[in-house]
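Colleague: 3D, please:
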Amino acid sequence: MNKKVRPILFSWILLSIAMINVFTPTKVFSSKENRYLQELPKVSYKKLISGEFGKEFEIYTTDQFVGRNYWISLKTISDLIMLKKDNTRVYFGKEHYLFDVDKEIEEEQFIKNINVINEFIREINEYNKNISMTALLIPKKSEILKDKVPLYAPIINEEILLEKIKLSLYEELQVLDVIDVLNEKSKEDIYYKTDHHWTTKGAFYTYQYYLEKIGEKPLEEKDFLIKEVSNNFLGTSYRKANFYLDTPDKIYSYIPKKEVKYQVTYNHTEKSESLYDEIYLGKTDQYSYFLSGDTSLIEIETSIENDKSIVVIKDSFANSLIPFLANHYKNIIVIDPRYFNMKIINYVKEKEVDEILFVFNIQNFIQEKSFSMVF
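Modeller: As a prediction, this is how the structure comes out:
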């Protein structure tokens, strides 16, 4: 090919792709990745000076690039062919486990979160010293399944992080160490291979540990009807890789043999009599089968014959844990601070609850930016 033709042809290819990107309608939501995509950012003097516009525009061009899923798949395949252990988004682990690449811990955000949670603890303690406060901070699977993580992968040591959290929080909040519990069960299927969440079995073992720690008797596996509800689950880690050669994950439900009735209210409006939503088993985000996914406020009234009430402040790890807790509480209030739009302290006072339980992934707990808005 003529040397002059090559750069012209290459320029035309780049120009064509750019024109296709310009005239392709902006996508708002990616069902494959289960997240909202960056839309064209608004221009402002403040954003231009701070560099925020440039960062948002870079994310926009990446999110809206034509054939994005195809290019991600192609890159993953080429990385595997070259024997690379990651594609900058996930690590390709042993036994076909996919591990999300850790983001760097922001010390400033860590301090902010600790301060607002400590203030929340102080306010609760002043309001009613009899309200017990506990935190179940859940490790990522890279912490528990270290033997399956690629050699020399730079993962965050969550044991050290958890100790730092314990030392920073007021003692009125009891932080329970779930790492040891899950380490003991690491040979079992307690985390999904293609998703960052734990499985129902992982949530079950943590439920047992929590009940024992608060002096209650948990149910055993024999007390449940364990049912496979899906055998084709491909989770968030898969969507970051966009390529997977092993069989999909399975999802199980644990239904108590002793019947418990539920009245579930979502955001004061939608109502249900189940803690599971089968409609999501036919969608991309099958993990939302548990509690219909992430909702700002869920109020659960059960047929359990006691007057115990609990507020669960949580991220998505709690969604598969709460159905186990529903066997022990008359009322459960579930708050996701990422979507809640009022001060949690006010809601706790209004409902006069007995217990407060935090259920978060360890890193989410000290990096979640919404805490300062609701605590």
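
Colleague: what number of residues lie near the closest residue to His96 other than its chain neighbours?
Modeller: The shortest distance from His96 to any non-neighbouring residue, by Cβ to Cβ, 6 or more residues apart in numbering, is to Asp246 (3.6 Å). From N, CA and C alone the C-beta is placed, and that goes for glycine too. Residues lying near Asp246 (other Cβ atoms under 10 Å) number 12.

Colleague: helix, strand, or coil at Asp246?
Modeller: coil (DSSP: H, G, I helix; E, B strand; the rest coil).

Colleague: so it sits against Lys94, correct?
Modeller: No. Counting by Cβ atoms under 8 Å, Asp246 stays clear of Lys94, with 11.3 Å between them.

Colleague: just say helix, strand or coil for Gln109.
Modeller: helix.

Colleague: grab the nearest non-local neighbour of it.
Modeller: Gln367 (5.3 Å).

Colleague: so the closest residue to Ser272 other than its chain neighbours bridges to which residues?
Modeller: The shortest distance from Ser272 to any non-neighbouring residue, by Cβ to Cβ, 6+ apart, is to Val264 (4.4 Å). For Val264, the beta-bridge partners under DSSP bridges are Ser272, Ile300.

Colleague: so who does Val264 touch?
Modeller: Contacts for Val264 (Cβ atoms under 8 Å, 6 or more residues apart in numbering) come out as Lys271, Ser272, Glu273, Ser274, Leu275, Leu291, Ile298, Glu299, Ile300.

Colleague: how does it look with 10 Å?
Modeller: 270-275, 277, 291-292, 298-302, 326, 332, 334 (Cβ atoms under 10 Å, 6 or more residues apart in numbering).

Colleague: neighbours of the nearest residue to Ala326 once chain neighbours are set aside, how many?
Modeller: Distances taken as Cβ to Cβ, 6+ apart place Thr302 nearest to Ala326, at 5.4 Å, with adjacent residues excluded. Residues near Thr302, counting by other Cβ under 10 Å, number 21.

Colleague: now do the one 3 residues further on
Modeller: A count of nearby residues for Glu305, using other Cβ under 10 Å, gives 6.

Colleague: quick one: the residue nearest to it when sequence neighbours are not counted and Leu275, what's the gap?
Modeller: In this structure, Glu305 finds its nearest non-sequential neighbour in Lys330, 7.9 Å apart by Cβ to Cβ, 6+ apart. Relative to Leu275, Lys330 is positioned 15 Å away (Cβ to Cβ, to the nearest Å).

Colleague: any regions of the stretch 251-375 of the chain where pLDDT drops low?
Modeller: Within the stretch 251-375 of the chain, not a single segment meets pLDDT under 70.

Colleague: and if we set it to 90?
Modeller: Counting by pLDDT under 90, the ranges of the stretch 251-375 of the chain that qualify are 270, 341-342, 347-352, 372-375.

Colleague: where exactly do the helices run in the stretch 251-375 of the chain?
Modeller: Under the criterion DSSP state H, counting those that start in this stretch, the stretch 251-375 of the chain contains helices at 322-325, 344-351, 362-367, 371-374.

Colleague: now do the same end-to-end measure for stretch 187-203.
Modeller: 15 Å (Cα to Cα, to the nearest Å).

Colleague: quick check: buried residues in that stretch?
Modeller: 190-203 (16 or more other Cβ atoms under 10 Å).

Colleague: go ahead and flag the most central residue of this structure.
Modeller: Central residue of the chain (Cα atoms, centre = their mean): Ser316, 4.3 Å from the mean position.

Colleague: spatially, which residue comes closest to it, not counting chain neighbours?
Modeller: Closest residue in space to Ser316, ignoring its immediate chain neighbours: Asp294 at 5.5 Å, by Cβ to Cβ, 6+ apart.

Colleague: was I right to think that neighbour contacts Asn319?
Modeller: Yes. Between Asp294 and Asn319 a contact is recorded at 7.3 Å, counting by Cβ atoms under 10 Å.

Colleague: quickly list what's touching both of those two.
Modeller: Tyr287, Ser288, Val334, Asp336.

Colleague: so which of the residues you listed comes closest to Ser309?
Modeller: For the shared contacts of Asp294 and Asn319, the closest approach to Ser309 (Cβ to Cβ) belongs to Val334, at 12.0 Å.

Colleague: gap between the closest residue in space to that closest one that isn't next to it in sequence and Leu325?
Modeller: Of all residues not flanking Val334 in the chain, Ile298 sits nearest, at 3.9 Å (Cβ to Cβ, 6+ apart). According to Cβ to Cβ, Ile298 and Leu325 sit 12 Å apart.

Colleague: where do the contact lists of those two overlap?
Modeller: Looking at what touches both Ile298 and Leu325 (by Cβ under 10 Å, 6+ apart), the common residues are Val312, Ile332, Val334.

Colleague: closest one of those residues to Met342?
Modeller: Relative to Met342, the closest of these is Val334; by Cβ to Cβ it sits at 14.6 Å.

Colleague: what bridges to that closest one?
Modeller: Applying DSSP bridges to Val334 gives these bridge partners: Ile298, Val312.

Colleague: wouldn't it be in contact with Gly293 here?
Modeller: No. Between Val334 and Gly293 there is no contact under Cβ under 10 Å: 11.7 Å.

Colleague: of those two, who's got more company?
Modeller: For Val334 and Gly293, the more surrounded residue by other Cβ under 10 Å is Val334, and the numbers stand at 25 against 16.
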